[in-house]
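Asks: Provided below for reference: sequence and predicted model.
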Amino acid sequence: MADHGADEPSSRTGSPDGKSQVSEDRWLLHQRLAIRELIDTEASYVHMLQLCASDIRSRLHQLSQGDLDVLFSNTDDIIKVNSRLLQDLQETDSREEEQVQLIGNLFLEFQEELERVYKVYCANYDKALLLVESYRREPELQQEIRGIIEAVVPQAGPSGLSFLLVIPLQRITKYSLLLQKILENTLPDASAYPVLQRATSALQDVNININEYKRRKELASKYNKVEQLTLRERLARINAHTLSKKTTRLSQLLKQEAGLVPRTEDKEFDDLEERFHWVSLCVTELKNNVATYLDNLEAFLRFRPQEYDLDIPEGPAGQYRSLARDLQLRAFPEFKQRLEGLVWRPLCSLAKALDGPQNLIKKRLDKLLDFERLEEKLLEAGSVTSEEEEARHTYQALNSLLVAELPQFNKLVGQWLGQILCTFVALQRDLAKQVLQRAENSLAQLPHHQLSEPAFRKLVEDVLGQTSHQLCSFQENFEKVLPPLAIQPLLPGAERQVQALLSRYGPGKLYQVTGNTSGPRTLDLTLPRGQIVALLQNKDTKGNSSRWLVDTGGQRGYVPAGKLELYHVIPSEEKLREQAQPHEDFRHLTPEPTLAPIPSVPTRTQVVAAYPFVARSSHEVSLQAGQPVTVLEAQDKEGNPEWSLVEADGQQGYVPSSFLAGALSPAPWGWNLPS
Amino acid sequence: MSWIPFKIGQPKKQIVPKTVERDFEREYGKLQQLEEQTRRLQKDMKKSADADLAMSKSAVKVSLDLLSNPLCEQDQDFLNMVTALDTAMKRMDAFNQEKVNQIQKTVIEPLKKFGSVFPSLNMAVKRREQALQDYRRLQAKVEKYEEKEKTAPVLAKLHQAREELRPVREDFEAKNKQLLDEMPRFYNSRLDYFQPSFESLIRAQVVYYSEMHKIFGDLSQQLDQPGHSDEQRERENEAKLSELRALSIVADD
């Protein structure tokens, strides 16, 4: 660099050579000084950072880990980057002639990294400051912190923490100034000049970008949260300003809808938004479906059929029981837990993350309407107020923020969704493996385990068919336990009724009432024990199968099914009798027994003769008091109940029914049967 | 049996020996319990099967909804993954239905059939009880006449009462014996009867879960999922979440 200066006169002073030489030397000196300053300050900066990060941080026990993270943010990353920078800068010292060039190149190299690391720190700085403020309000804590800092960094002075925390901010802005200083003391035609110039503007760009990043982050956090406002709070917020804002937006929208004003078509943004919308839909639906699945799983786990052991302790039943218990207590709950942790919870976090962009997109649309209106105004009026300028800028910032970050967002969400689905599949596979293992163990201990599945199924079908028959036979056996024999013969009227019912309905439909019935409802019949009825329907109109509709021959109504028993009609051993000859003596007292035209169906009963009786004709038999006789028919051939056909001592014949004990008392004299 | 309120007309002597009564009650009691258990087992099996089917259906819905998302049209990789998932879920649902059908046929139906015998049994026990009551009543009547002065009409009545008693006593004893024979047989029949059902249950699980293992195992490999541990998966989830949170548009909360 000094060589050039020797050949040409310095363009700055235009003075004669001797003087220019001196000036050059001065510039050189200043340049050297500036470079020295750069490197030395870098060294002390890095040293200070290290003090903060290690000594001070580790001594601040009173503060929580979370707090410390907020305060010091990514200081460690900064230290890494700047240590390397420092090292490289110090290396340039050995290369005097090219030093400026090297420094220029160095900064160009580090530009990206510096931006990346410092923007995070700067964006976080406000939060850190808030925290420091909060400490200041606690005098004790404040004292302690100051004590620690003073011990390590005495020059921090009373401001303590805030002094320390602002250092990186100051440094990043200082770079462009330091480089500027070197640049001023470099000749414009020096070979290093362009490089240095580029480096300087690069560092200025870094600062601009950091600011813009910070601004966007502030904008984003302003709008990306859904504010949980009460109605009252919402109402409180309405003032002239907000009202006018909203009405102008609405009118702008209407103008667009009406076609009066062109709508800004932003295809790029619209595509991004569409994709975002689909991705959100995916997440929401998946979350809901997984929730349903988990609910169903829970319901499934509530049933424990294996607890009903039917008193079958061993064998396949026991195997099944222990298998089912194992699955219910271990395999399935484990599956559920893994599902909740590795699928459900991530889905919830994912769903929540959708809120931010959602709100920003909405806000952007609002701001867009403002922007469009202001664009119009700009066209018409040529200028806008600073407030309006601010609004325009807000829209632009929001828009570029979304355009910059939505693609990344969509991509990340898509990737994560894919991961979650894969996990879902893997969990199912693991569950299947676990259950299968356990079930195969149980299977190995079953009697027919060597059979193939189709062969087994056939076997089971056959066996079930057989056992089904066996069950039927059990059922029949139980049903054969007969109802008690009727111990009293029927009234003749009842006998006739039975005959009528029999001929109308058939023998299978007759039932005997086993206990007196009566019921509250209008159609409930009041019947005595022993009555015979015919079954019409084995349920009532409401389908209640314990109330049966019956016909007594005279009336129809309902009786409880539990009081009805199948009536077994014993076939009579009726012997056709000859026509009886009427006996004159007794005619007006007791009509002669006459031969019945059709055989009736009485029950045989054992009775005892209560009084002696002398047979007067061949149709009658003699009785002795106390003699057991068998009643064959409780009426004569005409149906007259006053005579009974009995068998006594091997002889058959008629006797007065009233002479029999155990028989129903005959009708009073003179009673006539209805014809 | 012993709840009958004290009536005139109760016999003086114990007509049914206590041991017989005890035996009867024990056997019947066992059967009553078995009836209850059979009923409950049948109900729970059915409910469990229904819940199982519901679970399967909701799994199918997962892939169905994904398939109908417009992302499938745009993203070929996404479409492939979702299609494979959907195929797997549908196949699993079909196998599940088959499993439930098999259980219905070999477990629930037999349970129902077994349970249907109990009403007849209960009826038979009731009839025995009625016969016992009749027996008691007539026995008391006979005893009443036996204690009276032996006149001719009394003798006649006594004879008649004895004649009435005899068939009733025979009837009761026949019923009693029959039930005391049949009840234990029926109770023990459950062992052989249900064995195939439980075998079938276990086998149905094996069949279903082997399919499930195969289908999801294949799918897992196809989707290029390395065998991660749970901790690894959790870390991956955390990582993704922080990546998302690093974006300014995502609200940090």
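Replies: Looks like it arrived, so ask away.
Asks: just the element for A:Gln197, please.
Replies: A:Gln197 is part of helix A:192-223 when elements are defined by DSSP states H and E.
Asks: ditto for B:Asp86
Replies: helix B:76-103.
Asks: show me what that helix packs onto, helices and strands only.
Replies: helix A:386-444, helix B:18-67, helix B:71-74, helix B:152-222 (3 or more C-beta pairs under 8 Å, 6 or more residues apart in numbering or on different chains; DSSP states H and E). C-beta: built from backbone N, CA, C; applies to glycine.
Asks: is it possible to get JSON lines of those helices that adds distance to A:Gln497, mean pLDDT and mean neighbour count?
Replies: Formatted as JSON lines, those follow (distance: least, C-beta to C-beta, whole Å; pLDDT from 0 to 100; neighbours: other C-beta atoms under 10 Å in any protein chain shown):
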{"stretch": "helix A:386-444", "distance to A:Gln497": "64", "mean pLDDT": "89", "mean neighbour count": "19"}
{"stretch": "helix B:18-67", "distance to A:Gln497": "37", "mean pLDDT": "92", "mean neighbour count": "17"}
{"stretch": "helix B:71-74", "distance to A:Gln497": "80", "mean pLDDT": "85", "mean neighbour count": "15"}
{"stretch": "helix B:152-222", "distance to A:Gln497": "24", "mean pLDDT": "89", "mean neighbour count": "19"}
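Asks: part of a helix, is A:Leu535?
Replies: No: in this structure, A:Leu535 is strand, not part of a helix, as judged by DSSP: H, G, I helix; E, B strand; the rest coil.
Asks: so what's it bridging to?
Replies: Beta-bridge pairing for A:Leu535 (DSSP bridges): A:Val550.
Asks: list the contacts for it?
Replies: Taking C-beta atoms under 8 Å, 6 or more residues apart in numbering or on different chains, we find A:Leu535 in contact with A:Tyr505, A:Lys509, A:Leu510, A:Tyr511, A:Trp548, A:Leu549, A:Val550, A:Leu564.
Asks: now restrict those residues to buried residues only.
Replies: A:Lys509, A:Leu510, A:Tyr511, A:Trp548, A:Leu549, A:Val550, A:Leu564 (16 or more other C-beta atoms under 10 Å in any protein chain shown).
Asks: bridging residues for the second one?
Replies: Translated: A:Leu510. A:Ala534.
Asks: elements contacting the helix holding A:Gln197?
Replies: Against helix A:192-223 (3+ C-beta pairs under 8 Å, 6+ apart) you get helix A:99-136, helix A:161-184, helix A:355-381, helix A:386-444.
Asks: including distance to B:Leu247, could those go into a markdown table?
Replies: What follows is those, written out as a markdown table (distance: least, C-beta to C-beta, whole Å):
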| stretch | distance to B:Leu247 |
| --- | --- |
| helix A:99-136 | 12 |
| helix A:161-184 | 23 |
| helix A:355-381 | 8 |
| helix A:386-444 | 5 |
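Asks: excluding sequence neighbours, find me the nearest residue to residue 131.
Replies: Since no chain was named, I'll use chain A. A:Val70 (5.6 Å; C-beta to C-beta, 6 or more residues apart in numbering or on different chains).
Asks: not quite, I wanted chain B
Replies: Nearest residue to B:Ala131, sequence neighbours excluded (C-beta to C-beta, 6+ apart): B:Phe172, at 4.1 Å.
Asks: contacting residues around that neighbour?
Replies: B:Arg128, B:Ala131, B:Leu132, B:Asp134, B:Tyr135.
Asks: again, only using 10 Å
Replies: Counting by C-beta atoms under 10 Å, 6 or more residues apart in numbering or on different chains, B:Phe172 makes contact with A:484, B:15-16, B:127-136.
Asks: so which of these wins on neighbours?
Replies: Among the contacts of B:Phe172, B:Ala131 has the most neighbours (other C-beta atoms under 10 Å in any protein chain shown), with 24 neighbours.
Asks: what does the stretch 501-650 of chain A put close to chain B?
Replies: Counting by C-beta under 10 Å from any C-beta of the partner chain, the residues of the stretch 501-650 of chain A close to chain B are A:514-515, A:562, A:565, A:605-611, A:625-628.
Asks: pick out the most distant pair among these.
Replies: Largest separation among these by C-beta to C-beta: A:Gly562 and A:Ala625, giving 41.8 Å.
Asks: got a list of what the residue in the stretch 51-200 of chain A that chain B sits nearest to touches?
Replies: Nearest residue of the stretch 51-200 of chain A to chain B (C-beta to the nearest C-beta) works out as A:Ala123 at 8.3 Å. By C-beta under 10 Å, 6+ apart, the contact set of A:Ala123 is A:Ser73, A:Ile210, A:Asn211, A:Tyr213, A:Lys214, A:Arg215, A:Arg216, A:Lys217, A:Glu218, A:Ser221, B:Ser248.
Asks: ok, 6 Å please
Replies: A:Ala123 sits next to A:Lys214, A:Lys217 when contact means C-beta atoms under 6 Å, 6 or more residues apart in numbering or on different chains.
Asks: pLDDT at it, what is it?
Replies: If you check A:Ala123, the pLDDT there is 83.
Asks: ok now the helix holding B:Asp86, how far from the chain's centre?
Replies: The chain centre lies 30 Å from the centre of helix B:76-103; the measure is C-alpha atoms, centre = their mean, to the nearest Å.
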